[in-house]
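>>> task: produce atomic coordinates for the following.
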Amino acid sequence: MIRNPEKAARLQDRGIEVRQGDFDHPETLDAAFTGVDRLLIISADGDNETRIRQHSNAVAAASRAGVKFIAYTSIANATESKNFLAPTHKATEEAILKTGIPYSFLRNNWYLENEISSIQSVLAGAPWVTSAGSGKVGWALQQDYAEAAAEVLTGNGHENTIYELSGQLYTQEEFVSALSNVLGKEVAVQQVDDNTYADIMKSIDLPDSLIHFLVKIQKGIRDGTLEVESNDFEKLLGRSSTPISEGITQIVKEIS
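Numbers count the residues shown, from 1 in each chain. Model (predicted):
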């Protein structure tokens, strides 16, 4: 399902059925979900209030359509997390539970691809700037999370499960050490406070709304909200997530 089917032409060319649907327009979801047995709801973009409304629309439509299984891409430790992104995911998990539909909550930690802009800055000669302190993150490639979701959707025995999908935990310094090894050069880490971090982001002309978002991400990491250790990737895929150096190498090749 996609808001604009024209953007999925390459999928249609492969014989994949593409349906139009928009979380902001519930009337489009009834047709989109008709005949769907197992559904993957991928969390939307935007502020928490918007996302909760959109996800609630999707869950309600799934219930009306008689969907028999819902997988949802949540966040690490969703029910207990103090991360500023967690309210959306907690509310969505609760909405799914209320339907009584069998579910699997895929609590994704953090996408390695989220660091692309910072890696690009390093390639341009900048230091690694962070206010995340010693907080640890379980980075993994989007491909790892996608394969885990595919296994849950196509495999058996995943009803009413929660998977904490986290790569090996690393601090910012440990992450940058891996990045340095991949690049073959020493990368400096600049640990700053939130105000200094915001000032540095402003100096490179990022919009205020994005800066506010990034500062909250740094705080969430610093507070340990992504420090969730788990072997659930191994349970689902029979392997751990892609090693951090291998993932960074892949990204560097893609952006170089």
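
>>> what's in contact with the longest helix anywhere in the chain?
Ranked by residue count under DSSP state H, the longest helix found in the chain is helix 48-65. Defining contact as CB atoms under 8 Å, 6 or more residues apart in numbering, one finds that helix 48-65 is touched by 23-24, 26, 29-30, 32-36, 39, 41, 43-46, 70, 84-85, 87-88, 91-92, 95-96, 99, 101. Quick note: C-beta positions are derived from backbone N, CA and C, even for glycine.

>>> in strands, which of those fall?
39, 41, 70 (DSSP state E).

>>> and the residues you listed as a markdown table, adding neighbour count?
Listed next are those as a markdown table, based on neighbours: other CB atoms under 10 Å:
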| residue | neighbour count |
| --- | --- |
| Leu39 | 22 |
| Ile41 | 22 |
| Ile70 | 23 |
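
>>> same list, those residues, but as CSV with distance to His212 and pLDDT please.
CSV is the format used below for the ones in strands among the contacts of helix 48-65 (distance: CB to CB, whole Å; pLDDT from 0 to 100):
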residue, distance to His212, pLDDT
Leu39, 33, 98
Ile41, 27, 98
Ile70, 32, 98
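
>>> so how far is the longest helix of the chain off the chain centroid?
Relative to its parent chain, helix 48-65 has a centroid offset of 18 Å by CA atoms, centre = their mean, to the nearest Å.

>>> do the same with stretch 19-26
On CA atoms, centre = their mean, the centre of stretch 19-26 falls 21 Å from that of its chain.

>>> closest to Tyr111 among the ones in strands among the contacts of helix 48-65?
Among the ones in strands among the contacts of helix 48-65, Ile41 lies closest to Tyr111 (CB to CB), at 17.2 Å.

>>> ok, the closest one touching Val67?
No. With contact defined as CB atoms under 8 Å, Ile41 and Val67 do not form a contacting pair (9.8 Å).

>>> got the CA positions of stretch 52-70 in PDB?
This file holds the C-alpha atoms of stretch 52-70, laid out as PDB (Å, rounded to 0.1, in the frame of the first residue of the first chain):
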ATOM      1  CA  ILE A  52      -0.900   8.300  16.800                       C
ATOM      2  CA  ARG A  53      -3.900   9.500  14.800                       C
ATOM      3  CA  GLN A  54      -2.600   7.900  11.600                       C
ATOM      4  CA  HIS A  55      -1.700   4.600  13.200                       C
ATOM      5  CA  SER A  56      -5.000   4.500  15.000                       C
ATOM      6  CA  ASN A  57      -6.700   4.900  11.600                       C
ATOM      7  CA  ALA A  58      -4.700   2.000  10.200                       C
ATOM      8  CA  VAL A  59      -5.400  -0.300  13.100                       C
ATOM      9  CA  ALA A  60      -9.100   0.400  13.000                       C
ATOM     10  CA  ALA A  61      -9.200  -0.200   9.300                       C
ATOM     11  CA  ALA A  62      -7.400  -3.500   9.800                       C
ATOM     12  CA  SER A  63     -10.000  -4.600  12.300                       C
ATOM     13  CA  ARG A  64     -12.800  -3.700  10.000                       C
ATOM     14  CA  ALA A  65     -11.300  -5.600   7.100                       C
ATOM     15  CA  GLY A  66     -10.900  -8.700   9.200                       C
ATOM     16  CA  VAL A  67      -7.100  -8.800   9.100                       C
ATOM     17  CA  LYS A  68      -5.900 -11.900  11.000                       C
ATOM     18  CA  PHE A  69      -2.400 -10.800  12.000                       C
ATOM     19  CA  ILE A  70      -0.600  -7.400  12.400                       C
END
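
>>> give the buried residues for it.
52-63, 65, 67, 69-70 (16 or more other CB atoms under 10 Å).

>>> now do the helices in this protein.
Counting by DSSP H, the chain has these helices, from start to end: 9-13, 26-33, 48-65, 86-99, 116-123, 142-154, 172-183, 194-203, 208-222, 232-237, 244-255.
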